[in-house]
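Chemist: Show me how the following folds:
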Amino acid sequence: MIRILAHDKDNKISSQLNLTQLSDQEINHYWLDLSAPDDDERKQLKNFLPVFHRLTKENEHHSNRPQLKLFKDYYFVSLQVISPNTLKTHELYLYVGKNSLVTFHTSNLKAVNDIWHGCRSDDHFFKEDIPDEILRRLMSRLVEQYIMAANDLEDKIDDLDLNAKRESINKMNRRIFQLRSELLSFRRVIAPLMDITNRMIGSSSIEKSEEHEFFLRNLNDNLSRITHMIESNLEITSDIRDSYLSLTTYRTNRVMQTLTVITTIFMPLTFIVGIYGMNFAYMPELNWRYGYFFILVFMGLIAIIMYYWFRKKGWFDK
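Modeler: Got it, this is the predicted structure:
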């Protein structure tokens, strides 16, 4: 779907233009959005903005990380939109010129739709810095979703910690490794975006008003806080994982210790039984009247003595 929000020289706002009209008419500023475009719409984009079409095609096939490419009169930004609930990422490409903004996304993104409808219904929206204003609104919305996702992950970690004693070790380990995987994926989205904002702040190729530069610095601070949250949560999950691995090792050692004690106690008893189980004709003890009972008592005494000896050594302490 192709949609255009344009501001002409007569200060009129229009959302009913097509690409041909956008090229023919005198337009001061415009926002061109392509949402889940089909092959025909991609072809129209290629004819209208061949450079942007080439850049989006390159990124679709070779990269899924946020990036910034600077050119003489415009710059290209590749961002990732995160669904707060599922942490699924969607690509969003932006072509920012002096008087124009082009956005391209292969999925129907709610964040972009909300910004679009908000701009169209805002009578005081269109100013001279339309591309910067829309870019600020889009990136603010993305960072809001990043914060929601970070808070959701933090809640999952708190829930994991609270319910730790109620779940099995195997289930707990699966949840911990799943959370760590989500946190690491999240960090791979945030870290490049921080680099993009730093480059935008320091670049002389991008014309920035004081308001826009202040926004970028504030945005960078928010991304830094999200990164800190991710790192803190990674440390927490690492501590929880190490604690449960230690607990698992401790329980395994306790089981092995108990089995070792039982095996050790039965070793001399097995030896005695083995001796008297041999089929030799001349074994003097075989003719004892009370030999059987004596051996049983003797074996019982050995077991009791060894038990108390192990207990004195602390092997049965909990």
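Chemist: Now stretch 232-246: average pLDDT?
Modeler: Stretch 232-246 carries an average pLDDT of 81.
Chemist: starting at the chain centroid, how far to it?
Modeler: For stretch 232-246, the separation from the chain centroid amounts to 16 Å (computed by CA atoms, centre = their mean, to the nearest Å).
Chemist: Would you mind writing the CA trace of it as PDB?
Modeler: This file holds the C-alpha atoms of stretch 232-246, laid out as PDB (Å, rounded to 0.1, in the frame of the first residue of the first chain):
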ATOM      1  CA  SER A 232      21.600  -5.600  34.500                       C
ATOM      2  CA  ASN A 233      19.000  -8.200  33.500                       C
ATOM      3  CA  LEU A 234      21.700 -10.300  31.800                       C
ATOM      4  CA  GLU A 235      23.700 -10.300  35.000                       C
ATOM      5  CA  ILE A 236      20.600 -11.200  37.100                       C
ATOM      6  CA  THR A 237      19.800 -14.200  34.800                       C
ATOM      7  CA  SER A 238      23.500 -15.200  34.900                       C
ATOM      8  CA  ASP A 239      23.400 -15.100  38.700                       C
ATOM      9  CA  ILE A 240      20.100 -17.100  38.700                       C
ATOM     10  CA  ARG A 241      21.500 -19.600  36.300                       C
ATOM     11  CA  ASP A 242      24.800 -20.000  38.300                       C
ATOM     12  CA  SER A 243      22.800 -20.400  41.500                       C
ATOM     13  CA  TYR A 244      20.600 -23.200  40.000                       C
ATOM     14  CA  LEU A 245      23.600 -24.900  38.400                       C
ATOM     15  CA  SER A 246      25.300 -24.800  41.800                       C
END
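Chemist: quick one: G118 from R3, how far?
Modeler: 14 Å (CB to CB, to the nearest Å). Bear in mind the C-beta positions are built from the backbone N, C-alpha and C, glycine included.
Chemist: swap in P66?
Modeler: Taking CB to CB, one finds P66 at 24 Å from R3.
Chemist: So between these two, which is more surrounded?
Modeler: Set P66 next to R3 and count neighbours by other CB atoms under 10 Å: P66 wins out with 23 against 17.
Chemist: Show the backbone phi and psi for the residue nearest in space to the middle of the chain.
Modeler: Ranked by distance to the mean C-alpha position of the chain (CA atoms, centre = their mean), the top residue is E182 at 2.4 Å. Dihedral angles of E182 (phi, psi; degrees, to the nearest 10) stand at phi -70, psi -40.
Chemist: Next, the contact list for T248, please.
Modeler: By CB atoms under 8 Å, 6 or more residues apart in numbering, T248 lies in contact with I169.
Chemist: how close does R174 get to S107?
Modeler: For R174 relative to S107 (CB to CB), the value is 29 Å.
Chemist: swap in G274?
Modeler: From G274 over to S107 (counting by CB to CB), the distance is 74 Å.
Chemist: swap in L160?
Modeler: Taken as CB to CB, the span from L160 to S107 is 30 Å.
Chemist: ok, now E285?
Modeler: Taking CB to CB, one finds E285 at 87 Å from S107.
Chemist: Show me where the stretch 1-150 of the chain has its strands.
Modeler: Ranges of strands within the stretch 1-150 of the chain are 2-8, 13-14, 27-35, 67-70, 74-82, 89-97, 100-105, based on DSSP state E, counting those that start in this stretch.
Chemist: Tell me which of those strands lies nearest to M194.
Modeler: strand 67-70 (11.4 Å; CB to CB).
Chemist: can you pull out the helices in the stretch 201-318 of the chain?
Modeler: 210-276, 291-312 (DSSP state H, counting those that start in this stretch).
Chemist: Tabulate the ones you listed (JSON lines), appending distance to L142.
Modeler: Formatted as JSON lines, those follow (distance: least, CB to CB, whole Å):
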{"stretch": "helix 210-276", "distance to L142": "9"}
{"stretch": "helix 291-312", "distance to L142": "63"}
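Chemist: Select, out of those helices, the one closest to I169.
Modeler: With CB to CB, the closest approach to I169 among those belongs to helix 210-276: 5.4 Å.
Chemist: okay, the angle between that closest one and helix 291-312?
Modeler: 160 degrees (axes from the mean of the first three to the mean of the last three CA atoms, to 10 degrees).
Chemist: For stretch 207-222, buried residues please.
Modeler: 208, 212, 215-216, 219-220, 222 (16 or more other CB atoms under 10 Å).
Chemist: Could you dump the residues you listed into TSV with pLDDT added?
Modeler: Below are these laid out as TSV (pLDDT from 0 to 100):
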residue	pLDDT
K208	69
H212	76
F215	82
L216	83
L219	85
N220	85
N222	87
